[in-house]
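K.L.:
I'll drop the sequence and a predicted model, then ask my questions.
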Amino acid sequence: VTELLKHGPHSKGWQSARFQDFPQMIVLQFICPVRVQQLQFLSHQSKISSRIELYTYMPENSSNIPPMEHFQWKRLGYLSLDNNEKSGYQARELKSVYIDVNTHFLKVVLNKCHVNKYNMFNQVGLIAINALGEELGDFKAPSKKGVPQKLENDMEFDVVTGERLKNLTAAKNRAVENEDFDEAKRLKETIDKLKSVGYQLQQLEDRKRAAISNEDYESAKIIKQEIDRLRNAVAPPVEEPTYKSSNKPFLEHQKQQVLGRPSSRNLPPEEEPFQKPPNKVAYDEQVIPTHSQAKGPGQMYEDENPAAEAEPLGPQQRALAEPLIPYLGENLCQKLFSKQWQSREEGLADLQQEIERGPESYLFANSGESEIASGALGAIKHTIGDKVSQVSMKAMNVLHSLLSNVSVGRNESSEHLQSIVQNLLLKIGDNNARVRDLAEQTYITLTKSETLNVSSAVNHLVKPSKEKSGSQKHLVGKLNLLYSFVKEFQIDNPQVPFQPVVEFGVVAVQNSNSEVRNAANNLLMAIYSCVGEKVRPFISNLRPAQLELLEKAFEEAGSEPMPSKPKPNSRRPSAGTKHRQSTPAQPICKFCGKKDPVFASEDNLDIHYWKDCPMLVACPDCSQVVEILHLNEHMLKECELAEVQRQCPRCKEAVHIDEYEQHVEEQACLPAKPSSVANRCPLCHDDVDPGTEGWKQHILVEGCPNNDRSNF
């Protein structure tokens, strides 16, 4: 909850835990008794409280404050927040309220949330809280201190510019208090200049972040230099005169003590620019930048992080590194097994450089190719599955260099090969597209070497997947690799066996994901180009629409199409009606019953399933589209992230492990009923009439309040 005190355009703010009871409460204790004239609240763009109530408490004696449960709170009133539907949840509401009250404690009570499609877990959130007023010097006597900077100014500039403006403003106020008006005038002019370029600095900061996320570090360096030049040109470091005494700044946000209710935990929300809709970013897509080490004048806003030697190996790291130290040395192993990802990446870069230097290598001066291969493969084994994408990609590049420069035999690779192959198969389904592409290239390169033959590589691809390697992206990656092998090595030979590959493609072509089906179609077309009619018995049981699509592709490849299977209910037209055309049945969604001519195209029907069908929903954990009535079962058993969910023994619903203990302890959920009595909606958590008709009544007729597809 202390995130509320960090004001800036990229502040994370605070959110309540999922499915918490209302109201939620936040208590702020000021550093001393204060007179608060104005309060400002910046609400989350989608996790919005319907009403915020305000309470204050001023103890009789500030040196003897009673326990909080004995506070006699004074209710000031409440303020309402808009549901933000008009902005499409792309703006944050800044609410200001004038109270003019003396207090030492402030209690903020957030009532139930506005329901919308971006707030699936009934949360409330605030991005920032700001208090404007003056401190009470002699407990209730006002001091001469003016109001602090408004929240609008905090959110208008980047963090560094905002912090420098606060420092300059504080210096100006001290100069005024000591009647040093020349200094105050100079500081005021500096503040005005810095504000005038504040928007330009904010744009440059955004460009720098974009360059870092794209790993364009050269551009990021140039942009940083321009930012430093602008800041120092407009507002160089201030050397303040030494005054005999100066008052402490009012309401230093870093020194406020914030007391949160135990039921509310600090959940860091997704990082996002100001006034941007929610956008969750996958962990491996994030690039973790390092701080600049510049030490020029005015660099007080930079965290100094000078390059240091890699930390010594801990007991666990040493146990893993012990077999590699004879080949790679202690120093390189310290980098490779470091807790800092930058050090691991640097260690891999050093290893790659030594491999490419060949006979001139200092590290491998007295080593043969088998020793080089053993050491390098051991390092790759421990880093190729790294969660940080830069480290994983660097390990793949090291493997490319090793296979290009060193003859790696089966004996040297046998110990590490299985782990490397498994990690590569995991990475072909990575969230980061660059990691996926490089993993596929590395797998093909490994297959063409003496290390892993083609038949073994194909067997790894077609054998049943387990857990993480069975997602849609992993299936697409495997299908793409099989397609590459069939195009290069043909099929129905000792390298690429016919039946396992065809059966893998036929199963994939029936997948609910269009991207998987497209990749499977490409594979089956490549197989058909090699063996022709031999593939037909394997596809004969496909759905008519899928079979028709493949037959059209086969026909374009130069073969006669396979006769379509007669439909069970089809009838021959009678002699009296042979010139009359029958009206085809209008295509219909099998889940919601919606009829639409565009559903004749399977792609349009897939889009309807994926985006519009009110009977379907995307799993909040894995994003797979499933039926609402099966969502609970999917999250507990079928989801690739099922391990983060547990079933409540009372309501029988899936509950995230982070909230499970509190959920069970509170027993606020509705007890489950037999399926013959009632169903339980996993979206609104209310009982639904039994049977399929009950689901249709709840979702299609009444409209589930938490289903964002209800108005399809």
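P.N.:
It's in. Numbers count the residues shown, from 1 in each chain.
K.L.:
show me the shaky parts of the chain.
P.N.:
Across the chain, the ranges flagged by pLDDT under 70 are 6-10, 137-159, 199, 231, 233-310, 410-414, 465-470, 556-585, 711-712.
K.L.:
show me where it has strands.
P.N.:
Assigned by DSSP state E, the chain shows strands spanning 14-15, 24-43, 51-57, 74-80, 94-110, 125-135, 257-260, 616-618, 625-627, 645-647, 654-656, 679-680, 687-688.
K.L.:
which positions in the fourth one come out as buried?
P.N.:
Along strand 74-80, the positions that meet the burial threshold by neighbour count (16 or more other CB atoms under 10 Å) are L76. (C-beta placed from N, C-alpha, C; glycine too.)
K.L.:
can you list contacts of that strand?
P.N.:
41, 50-57, 95, 97, 99, 101 (CB atoms under 8 Å, 6 or more residues apart in numbering).
K.L.:
partner strands of that strand, with direction?
P.N.:
When pairing is defined by DSSP bridges, strand 74-80 lines up against strand 51-57 (antiparallel).
K.L.:
so for the strand it pairs with, what gets flagged as buried?
P.N.:
52-57.
K.L.:
which of those residues sits closest to Q490?
P.N.:
Closest approach between the buried residues of strand 51-57 and Q490, by CB to CB: I52, at 68.9 Å.
K.L.:
contacting residues for that closest one?
P.N.:
41, 78-81, 95, 108-111.
K.L.:
which strand residues bridge it?
P.N.:
With DSSP bridges as the rule, I52 is bridged to L79, L110.
K.L.:
distance of it from V454?
P.N.:
Between I52 and V454 the distance is 65 Å, computed by CB to CB, to the nearest Å.
K.L.:
filter the contacts of I52 to the buried ones?
P.N.:
41, 81, 108-111.
K.L.:
can you pull out the helices in the stretch 551-700 of the chain?
P.N.:
602-607, 631-633, 657-666, 691-696 (DSSP state H, counting those that start in this stretch).
K.L.:
tell me the buried residues in the second one?
P.N.:
If you call a residue buried by 16+ other CB under 10 Å, then helix 631-633 has these buried ones: 631-632.
K.L.:
what's the answer for stretch 673-682, then?
P.N.:
Residues 678-682 are the ones in stretch 673-682 that count as buried (16+ other CB under 10 Å).
K.L.:
please identify which of those residues is nearest to R186.
P.N.:
P682 (63.2 Å).
K.L.:
that closest one contacts L631, correct?
P.N.:
Yes - taking contacts as CB atoms under 8 Å, P682 lies within contact range of L631: 4.5 Å.
K.L.:
quick one, what contacts K673?
P.N.:
With CB under 8 Å, 6+ apart, K673 has these contacts: 680, 687.
K.L.:
how close does it get to C681?
P.N.:
Counting by CB to CB, the gap from K673 to C681 is 13 Å.
K.L.:
then P359?
P.N.:
70 Å.
K.L.:
ditto for S623
P.N.:
20 Å.
K.L.:
save the contacts of I52 as CSV, and put in distance to M25 too.
P.N.:
Formatted as CSV, these follow (distance: CB to CB, whole Å):
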residue, distance to M25
F41, 14
Y78, 14
L79, 16
S80, 18
L81, 17
K95, 18
V108, 7
V109, 5
L110, 8
N111, 11
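K.L.:
please name the residues that touch the closest residue to K478 other than its chain neighbours.
P.N.:
Nearest residue to K478, sequence neighbours excluded (CB to CB, 6 or more residues apart in numbering): L461, at 4.8 Å. Taking CB under 8 Å, 6+ apart, we find L461 in contact with 425, 478, 481-482, 504.
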